[in-house]
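Undergrad: Need a 3D model of the following:
(chains A and B)
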There are 2 protein chains.
Amino acid sequence: MSGARYKIGVVAPASRMSPDVATKVPALAERLYPDRAPEIVFHPQCFASHGHFAGDDETRASAFLDIANDESFDAVWFARGGYGTCRIVESIMCGLTETSKQKAYLGYSDAGMLLAALYRAEFGAVAHGPVAQDILRNAGYAAVTRALAWMIDRAPEALEPTVVDAGKTVAFNMTVLSHLLGTPLEPDLKGHILMLEEVGEALYRIDRSLFHITSNANVRRVSGIMLGRCSNITPNDPNFGMNEEEIAQYWCQRAGIPWLGRADIGHDVDNKIVPFGPCL
Amino acid sequence: MSGARYKIGVVAPASRMSPDVATKVPALAERLYPDRAPEIVFHPQCFASHGHFAGDDETRASAFLDIANDESFDAVWFARGGYGTCRIVESIMCGLTETSKQKAYLGYSDAGMLLAALYRAEFGAVAHGPVAQDILRNAGYAAVTRALAWMIDRAPEALEPTVVDAGKTVAFNMTVLSHLLGTPLEPDLKGHILMLEEVGEALYRIDRSLFHITSNANVRRVSGIMLGRCSNITPNDPNFGMNEEEIAQYWCQRAGIPWLGRADIGHDVDNKIVPFGPCL
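TA: Residues are numbered from 1 along each chain as shown, chains lettered A, B, ... in the order given. Coordinates of the predicted model:
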């Protein structure tokens, strides 16, 4: 592990990161931690490009392993979401060494594919929360400040407010969770509070995702579901007839899963951190 | 079962049917079968409306059971796809009587949710093929002519050309199959040729669906995958870097599933019929 300075490695297992992020995030960190600024290393792969992805599958997987298996790093931070993590989870999981288990992993959205597999493999510090590129959102400094506070200090104020008393928690983008159920990435969800958020989907798709998720035998063993924010919902033709909260309550009721209300997560700058498993 | 006239009941377990269909389809049937025109009954539920759906869940499920459990009908024909079948499959499956097993079921797209469950329950004449509302497509008469030929005469020329020699087949819209895997609707796919088609999705979503589908242990027991047409593919930003066939080949190769080429199915008037199981 690191010496005096906390060391964060940023990698992009999915889509390419904007170069601006690599100047804005360290500048913010210097201001926030004047006496103990973390060292933030952006793997060159973050800026690579191969079709949809930040480099081809091998490049992205190797970059992740470069950081995860290097004992000088304390945390592996996802540069951003987008799409592509599922293509490289298998090779990453095969390449991780014991060193990789000692550090923190933070991301959300498409990153959920890898967070799920790491948690399944009993990594102890896996969390759903802001990515580096969130700094480009309007008021995105708040999101990155929160991410740093969790990585560096496990600051309680960075957490989704209910997780401290929740027992075990996990959080996912709905579409991402739907697409990893039944694959080797799927973790045991028994006894967890499951928090779900969504972005950019029509209500009929949210309904279909929640049918799929709540019909799954593993998911039916969760201790409850909380709904995060569903943002940029695309038009539904005709009007769906229910909003996202009514949809989530409906499927919880049908599945016999306790409905536990709203969670403070989403594709936005207020996205609070949800550690996987018991609260750290 | 029926007397001299073949009797078809049309129901809409998902979205509302256009009223035009109820005049155009019987008129075509009269022209095609002047001496033995089938009786085609459009359940009033086809025209009902409740938010996104052709009537509320109870109305749609009851309508399906009205036709399926009525021994005078020879076939249950899906009015159209859209979205909503998954919400009522459970109550339909609980309400079906022995009579329902004696008739044919034809549809595709969202109807795949129910076709899967019927096939899982060992219904013998379940098929993926045109819906009544396909008559409104440009040159849609061809699709409806094919549907009638299969329902009334099991005409070999209505079939997807490879199914006769394929052993056992199933066909699904990719997104629909992805969302029923891991639910009580999922049929045993061992030894089947699995044909997949898609409409209106970006290539990254097709890639993600095929990750999910080909990573599933049940799907990995198929004897091969064939790719139907993927139409109205929405823009991918940036350019994805592979087309849908390259994507399907990639995931088959990774999963160790034989890639068997293209299938003559899709969201179009050329959508050929694929019986579930051995060729009828």
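
Undergrad: list the contacts for whatever residue of the stretch 51-200 of chain A ends up closest to chain B?
TA: For the stretch 51-200 of chain A and chain B, the shortest gap (Cβ to the nearest Cβ) falls at residue A:51, measuring 2.0 Å. (C-beta placed from N, C-alpha, C; glycine too.) Residues counted as contacts of residue A:51 (Cβ atoms under 8 Å, 6 or more residues apart in numbering or on different chains) are B:238, B:239, B:240, B:241, B:242.

Undergrad: Chain A next: which of those are close?
TA: Residues of the contacts of residue A:51 in contact with chain A (Cβ under 8 Å from any Cβ of the partner chain): B:238, B:239, B:240, B:241, B:242.

Undergrad: burial of residue A:36, as a residue count?
TA: 11 (other Cβ atoms under 10 Å in any protein chain shown).

Undergrad: what does the model give it for pLDDT?
TA: You'll see residue A:36 listed with a pLDDT of 97.

Undergrad: what about the residue nearest to it when sequence neighbours are not counted, which SS state?
TA: Nearest residue to residue A:36 in three dimensions, chain neighbours excluded: residue A:5, at 6.9 Å (Cβ to Cβ, 6 or more residues apart in numbering or on different chains). When classified by DSSP: H, G, I helix; E, B strand; the rest coil, residue A:5 comes out as coil.

Undergrad: Quick one: buried ones out of the ones next to chain A among the contacts of residue A:51?
TA: B:240, B:241, B:242 (16 or more other Cβ atoms under 10 Å in any protein chain shown).

Undergrad: Inside helices: which ones of the residues you listed?
TA: Of these, none are assigned to helices by DSSP state H.

Undergrad: export the residues you listed to JSON lines and tack on pLDDT?
TA: Shown next, in JSON lines, are these (pLDDT from 0 to 100):
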{"residue": "B:240", "pLDDT": "96"}
{"residue": "B:241", "pLDDT": "95"}
{"residue": "B:242", "pLDDT": "97"}
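
Undergrad: coming back round to it: is it correct that the residue nearest to residue A:36 is in contact with residue A:41?
TA: No. Taking contacts as Cβ atoms under 8 Å, residue A:5 lies outside contact range of residue A:41: 11.2 Å.

Undergrad: need the residues of chain A near chain B, please.
TA: Within chain A, the positions adjacent to chain B are A:49-53, A:83-84, A:86-87, A:178-185, A:203-204, A:207-209, A:211-212, A:215-217, A:236, A:238-242 by Cβ under 8 Å from any Cβ.

Undergrad: Recalculate using a threshold of 6 Å.
TA: Taking Cβ under 6 Å from any Cβ of the partner chain, the part of chain A that reaches chain B is made up of A:51-52, A:83, A:86, A:179, A:181-183, A:204, A:208, A:211-212, A:215-216, A:240-241.

Undergrad: Buried subset of those residues as a ChimeraX selection?
TA: Buried subset of the residues of chain A next to chain B, written as a ChimeraX selection, criterion 16+ other Cβ under 10 Å:
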select /A:52,83,86,179,181,182,183,204,208,211,212,215,216,240,241
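
Undergrad: which one of the ones next to chain A among the contacts of residue A:51 sits closest to chain A?
TA: Nearest to chain A among the ones next to chain A among the contacts of residue A:51, with distances taken as Cβ to the nearest Cβ, is residue B:241, at 2.0 Å.

Undergrad: mind listing what that closest one touches?
TA: A:51, A:52 (Cβ atoms under 6 Å, 6 or more residues apart in numbering or on different chains).

Undergrad: phi, psi of residue A:117?
TA: phi -70, psi -40 (degrees, to the nearest 10).

Undergrad: so which strand or helix has the residue nearest to it when sequence neighbours are not counted?
TA: Among residues not flanking residue A:117 along the chain, residue A:185 sits closest, at 4.5 Å (Cβ to Cβ, 6+ apart). Counting by DSSP states H and E, no helix or strand carries residue A:185.

Undergrad: From residue A:197, how far off is residue A:185?
TA: 18 Å (Cβ to Cβ, to the nearest Å).

Undergrad: related to what we said a few turns ago, count the neighbours of the residue nearest to residue A:117 for me.
TA: Residue A:185 - counted by other Cβ under 10 Å - has 28 other residues nearby.

Undergrad: Equivalent analysis for the one 10 residues further on, please.
TA: As a burial measure, the neighbour count of residue A:195 was computed by other Cβ under 10 Å and equals 27.

Undergrad: ditto for residue A:243
TA: Residue A:243, neighbours per other Cβ under 10 Å, totals 13.

Undergrad: next one: the one 3 residues further on
TA: Neighbouring residues of residue A:246 were enumerated by other Cβ under 10 Å; the total is 12.

Undergrad: so is it in a helix, a strand, or just coil?
TA: From three-state DSSP, the assignment for residue A:246 is helix.

Undergrad: Next one: it from residue A:214, what distance?
TA: 14 Å.

Undergrad: and residue A:1, what pLDDT?
TA: 44.

Undergrad: Just give me the neighbour total for residue A:257.
TA: Around residue A:257 there are 20 residues (other Cβ under 10 Å).

Undergrad: any idea how far residue A:217 is from it?
TA: On the measure of Cβ to Cβ, residue A:257 and residue A:217 end up 12 Å apart.

Undergrad: Where does the prediction get shaky in chain A?
TA: Counting by pLDDT under 70, the ranges of chain A that qualify are A:1-3, A:280.

Undergrad: Tell me which residue lies nearest the centroid of it.
TA: residue A:108 (2.0 Å; Cα atoms, centre = their mean).

Undergrad: Was I right to think residue A:48 contacts residue A:54?
TA: Yes. Between residue A:48 and residue A:54 there is a contact under Cβ atoms under 6 Å: 5.3 Å.

Undergrad: which ones are touching residue A:12?
TA: By Cβ under 6 Å, 6+ apart, the neighbours of residue A:12 are A:46, A:54, A:79.

Undergrad: if we go to 10 Å?
TA: Residue A:12 makes contact with A:21, A:42-43, A:45-48, A:53-55, A:59-60, A:63-64, A:78-82, A:84-85, A:107, A:111, A:131-133, according to Cβ atoms under 10 Å, 6 or more residues apart in numbering or on different chains.

Undergrad: Which of those fall within strands?
TA: A:42, A:78, A:107 (DSSP state E).

Undergrad: Could you measure from the first one over to chain B?
TA: So the one you mean is residue A:42. Residue A:42 is 20 Å from chain B, where distance means Cβ to the nearest Cβ, to the nearest Å.

Undergrad: Please look at that residue and residue A:25 and confirm they touch.
TA: Yes. In this structure, residue A:42 is within contact of residue A:25 by Cβ atoms under 10 Å, at 8.3 Å.

Undergrad: Spit out the residues that contact those two alike.
TA: What both residue A:42 and residue A:25 touch, as defined by Cβ under 10 Å, 6+ apart, is the set A:8, A:10, A:77, A:79, A:132.
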